[in-house]
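K.L.:
from the sequence below, what's the structure:
(2 chains)
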Amino acid sequence: MSLKRALITAASPALAITVFGVIYGSLARSELGFGATLLSSLFIFSGSVQFTIAGLAVAGAGAGALIVGALTLNLRNLLLGAVLRPRLEGGRRRRAVLAWFLTDESTGLALTGDGEAGRTLLISGTMFYLAWQLGTVLGLIGASLEGVVDLARATFPVLFIGLAALACPTLGIAVRALGAALMTIAVIAAAPELSAVAAVAAAVVVSLPGRSA
Amino acid sequence: MSLGLIALIALMTYASRALALVAMPHPPERLRVVLDRIPAPLFASLAALSLVEGGGPAQAATLCAAAGALALTPTRSLLYVLAGGLAGYVVGDFLFG
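P.N.:
Numbering: from 1, shown residues only, chains lettered A, B, ... in the order given. Below is the predicted model:
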């Protein structure tokens, strides 16, 4: 994937990430304070983890609950890393740097792009990191983007649908993908508290059977 | 929330990202076959998750955006799919917003 193409492709999720960064900054400031909110975005760089721990903190949860919540959400990263690992070139030091930028969105672009996966991960991940920091700072200083929150929220399913389509080389994989989506919906409908692990579990379950794609 | 707790969660998050990328050797062929199958189901699951998160379905405009995106998946172009999603959102927002 060329630099220009990678930048264009990553632009719309980056805008959506900025919007959610603004929401996080404005919400977390009252609970965590200015400095801790900024540091959390700088060093955690995970919207799902940060929103969860901020929500738990607001609800009065203790440190143990926050750690368990983060652990559960981070399970997804293990799977994303395992899927991406065979496609990365370079030594451990390079992969350790690239790991900083591993998110759902950047991994998706890296897996489905036509260039070297590590380069795409680095370019898109850097954009998403900067977008998240920009949004957090804007939220901390009082910006409000309420008018585009719904549009930003719609960006993520659209992006994941596109990534799923690009990652379907065969009809068999497409059927597995459809099965995983339906399984995720069924699990969440039956047990909403399992939503953090439902997607990962469904993806693994439908991918295991059979010898060929 | 203490800075120590933020540091611990940051460390856990980075470790979860780096563990497989840095420490995992190249997988054997049988595992590679399974790993190669996972991306599409995982992204489809994440799409489903983002359409029902919170226990109920997403807003009508978001569902229309997803439909617009799905309609353009045969193009196998992420940009077209994003454009289809945007068009679906605009239509959904006009009809149901």
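
K.L.:
alpha carbons only for contacts and neighbour counts from here, please
P.N.:
OK.

K.L.:
report the contact partners of the nearest residue to residue A:125 once chain neighbours are set aside.
P.N.:
If you skip the residues right next to it in sequence, residue A:125 has residue A:101 as its closest partner in space, 4.6 Å away by Cα to Cα, 6 or more residues apart in numbering or on different chains. With contacts taken as Cα atoms under 8 Å, 6 or more residues apart in numbering or on different chains, residue A:101 has the following neighbours: A:121, A:122, A:125, A:126, A:129.

K.L.:
and those, which is closest to residue B:38?
P.N.:
residue A:121 (17.8 Å; Cα to Cα).

K.L.:
the residue in chain B that chain A sits nearest to: what secondary structure?
P.N.:
Closest approach between chain B and chain A, counting by Cα to the nearest Cα: residue B:41, at 3.7 Å. Classification of residue B:41 into helix, strand or coil gives helix, according to DSSP: H, G, I helix; E, B strand; the rest coil.

K.L.:
OK, contacts around it?
P.N.:
Residue B:41 sits next to A:164, A:173-174, A:176-181, A:202-203, A:206-207 when contact means Cα under 8 Å, 6+ apart.

K.L.:
for the closest residue to chain B within chain A, grab the count of nearby residues.
P.N.:
Closest approach of chain A to chain B (Cα to the nearest Cα) occurs at residue A:177, with a separation of 3.7 Å. With neighbours defined by other Cα atoms under 10 Å in any protein chain shown, the count for residue A:177 comes to 29.

K.L.:
what about the residue lying closest to it once chain neighbours are set aside, distance to residue A:174?
P.N.:
Nearest residue to residue A:177, sequence neighbours excluded (Cα to Cα, 6+ apart): residue B:41, at 3.7 Å. Going from residue B:41 to residue A:174 by Cα to Cα, to the nearest Å gives 8 Å.

K.L.:
distance of the residue most central in space within chain A from residue A:145?
P.N.:
Nearest residue to the geometric centre of chain A (Cα atoms, centre = their mean): residue A:104, 3.3 Å. Distance check for residue A:104 against residue A:145: by Cα to Cα, it reads 23 Å.

K.L.:
again with residue A:192
P.N.:
28 Å.

K.L.:
which strand or helix spans residue B:11?
P.N.:
Under the criterion DSSP states H and E, the helix or strand holding residue B:11 is helix B:3-18.

K.L.:
ok, that helix near chain A or not?
P.N.:
Yes - contact check for helix B:3-18 against chain A, using Cα under 8 Å from any Cα of the partner chain: residues in range are B:3, B:5-7, B:9-14, B:16-18.

K.L.:
which helices and strands does that helix pack with?
P.N.:
With contacts defined as 3 or more Cα pairs under 8 Å, 6 or more residues apart in numbering or on different chains; DSSP states H and E, helix B:3-18 has these neighbours: helix A:34-43, helix A:63-84, helix A:92-99.

K.L.:
between it and helix A:34-43, how big is the angle?
P.N.:
Taking axes from the mean of the first three to the mean of the last three Cα atoms, to 10 degrees, one finds that helix B:3-18 is oriented at 10 degrees with respect to helix A:34-43.

K.L.:
what comes into contact with helix B:3-18?
P.N.:
Contacts of helix B:3-18 with the rest of the structure, by Cα under 8 Å, 6+ apart, involve A:36, A:39-40, A:43-46, A:63, A:67, A:70-71, A:74-75, A:77-78, A:80-81, A:95-96, A:99-100, A:102.
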